[in-house]
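Participant: I need the structure of the sequence given here:
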Amino acid sequence: MTQPVTHETEHTITVAAAADVVFELIENVGRWPVTFPPTVHAEQLERSGNTERIRLWATANGTAKGWTSRRELDLDGLRVRFRQEVSQPPVAAMGGEWVIEPLPAGGTLVRLLHDFRAVDDDPAATEWIRQAVDRNSGKELAALRDAAEQRERRADLLLTFSDTVRVAGAAKDVYDFLDRADAWPRRLPHVARAELTEDTPGLQTLEMDTRTADGSTHTTESVRVCFPYDRIVYKQLRTPALMSAHTGEWTVREDGTDTVVTSTHTVVVNPGAIAGVLGADAGVAEARAFVRDALGRNSTVTMLHAKEHAEGVARG
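Facilitator: Residues are numbered from 1 along each chain as shown. This next block holds a predicted model:
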């Protein structure tokens with residue numbers, strides 16, 4: 001019987017930052033969605049010592065997929081080993097290692113290693129996986145370098161905020177309103193167009209045209225991960241110019257006979273776009289305030305319409 005073929009890849013980059021800074025960025029999976037372009041959502045499921053299980057959703061060759069991985073964190077050796085527990089077709093198995101090497105002259109060399117097998121050793125699937133690994137590894141390493149080298153600057157550019165609305169209605173009805181984004185153009189005044197696809201239950205792609213305060217529209221594309229009936233997390237793959245990264249979360253929880261719905265945004269401001277969007281005299285502070293107001297206003301309008309919907313259902 002022919003043994004399955006394991007393929008190996010290696011991608012490298014040099015980072016002008018200390019090794020411990022690089023290691024911390026790799027270790028902290030909760031920040032991966034705003035650090036690594038392919039990562040949509042990431043969360044730690046459990047950790048015991050230096051072993052952890054994480055759940056990841058990411059794009060590969062334009063397709064969103066989710067999987068669970070086990071990681072071994074070696075702080076002394078500056079290595080992070082990972083292995084998918086159950087891979088998603090066309091991947092039969094996937095693992096690898098981050099190797100972080102301090103350089104004698106300063107800076108850090110980062111090596112990202114992968115090994116993988118394709119389902120049935122299919123040549124087309126093997127090539128698809130190789131292209132996805134090459135593309136994602138390049139994006140991840142470049143983003144890792146930028147985040148490490150611009151660590152202090154990024155602290156000023158990173159913004160997280162939340163808005164909350166109380167609803168005299170059922171949590172499921174609020175969640176259903178947020179889940180059915182394809183109905184938003186007829187339900188929300190700021191949504192001009194929405195195209196929602198959900199080939200895998202709970203994993204959605206949403207392309208949307210949003211009206212701005214001046215009457216113009218901008219187009220965004222998001223991947224949404226849905227956890228009925230309490231939260232929806234998402235990442236914009238195509239963002240407005242003022243943001244280089246944008247992730248968000250809708251949370252819905254029961255509170256007595258009421259429901260509390262919260263919208264949370266995490267944004268990385270794009271400093272290169274500030275002058276073009278807000279004028280030559282604007283700076284990061286003005287950009288942060290603009291983003292806070294624009295995103296908070298739209299999400300609050302969405303929650304108020306969800307409140308109206310759920311309370312209408314409750315009244316029968």
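Participant: please count neighbours and contacts with C-alpha atoms only from this point.
Facilitator: OK.
Participant: just want the most central residue of this protein.
Facilitator: The residue lying closest to the centre of the chain (CA atoms, centre = their mean) is residue 40, at 2.7 Å.
Participant: partner strands of the helix or strand harbouring that one, with direction?
Facilitator: According to DSSP states H and E, residue 40 maps onto strand 39-48. When pairing is defined by DSSP bridges, strand 39-48 lines up against strand 51-60 (antiparallel).
Participant: buried residues, the strand it pairs with. List them.
Facilitator: 52, 53, 54, 55, 56, 57, 58, 59, 60 (16 or more other CA atoms under 10 Å).
Participant: got it, and stretch 63-79?
Facilitator: Along stretch 63-79, these residues count as buried under the neighbour rule (16+ other CA under 10 Å): 64, 65, 66, 68, 69, 70, 71, 72, 73, 78, 79.
Participant: same deal with stretch 162-180?
Facilitator: 162, 164-175, 177-179.
Participant: now stretch 15-34
Facilitator: For stretch 15-34, the neighbour count (16+ other CA under 10 Å) marks 15-20, 22-23, 25-27, 29-34 as buried.
Participant: ends of it, how far apart?
Facilitator: 18 Å (CA to CA, to the nearest Å).
Participant: okay, now the unreliable bits of the protein?
Facilitator: 1-2 (pLDDT under 70).
Participant: longest helix of it?
Facilitator: When the chain is scanned for its longest helix (criterion: DSSP state H), the result is helix 284-315.
Participant: would you list every one of the strands in the stretch 101-250 of the chain?
Facilitator: Under the criterion DSSP state E, counting those that start in this stretch, strands of the stretch 101-250 of the chain are mapped to 108-118, 158-167, 191-200, 203-211, 217-227, 231-238, 243-255.
Participant: ok, now which ones touch residue 253?
Facilitator: Taking CA atoms under 8 Å, 6 or more residues apart in numbering, we find residue 253 in contact with 171, 230, 259, 260, 261.
Participant: out of those, which is most surrounded?
Facilitator: residue 261 (25 neighbours; other CA atoms under 10 Å).
Participant: show me what contacts that one?
Facilitator: 164, 165, 166, 167, 174, 250, 251, 252, 253, 303.
Participant: one more: residue 196?
Facilitator: 181, 182, 204, 205, 206, 207.
Participant: between those, which is closest to residue 273?
Facilitator: Nearest to residue 273, judged by CA to CA, of the contacts of residue 196 is residue 207 at 22.2 Å.
Participant: hang on, isn't the closest one packed against residue 235?
Facilitator: No - applying CA atoms under 8 Å, one finds residue 207 not in contact with residue 235, separated by 11.7 Å.
Participant: what do those two both touch?
Facilitator: residue 222.
Participant: more neighbours: the two, which one.
Facilitator: Neighbours of residue 207 and residue 235, each counted by other CA under 10 Å, are more numerous for residue 235; the result is 27 against 21.
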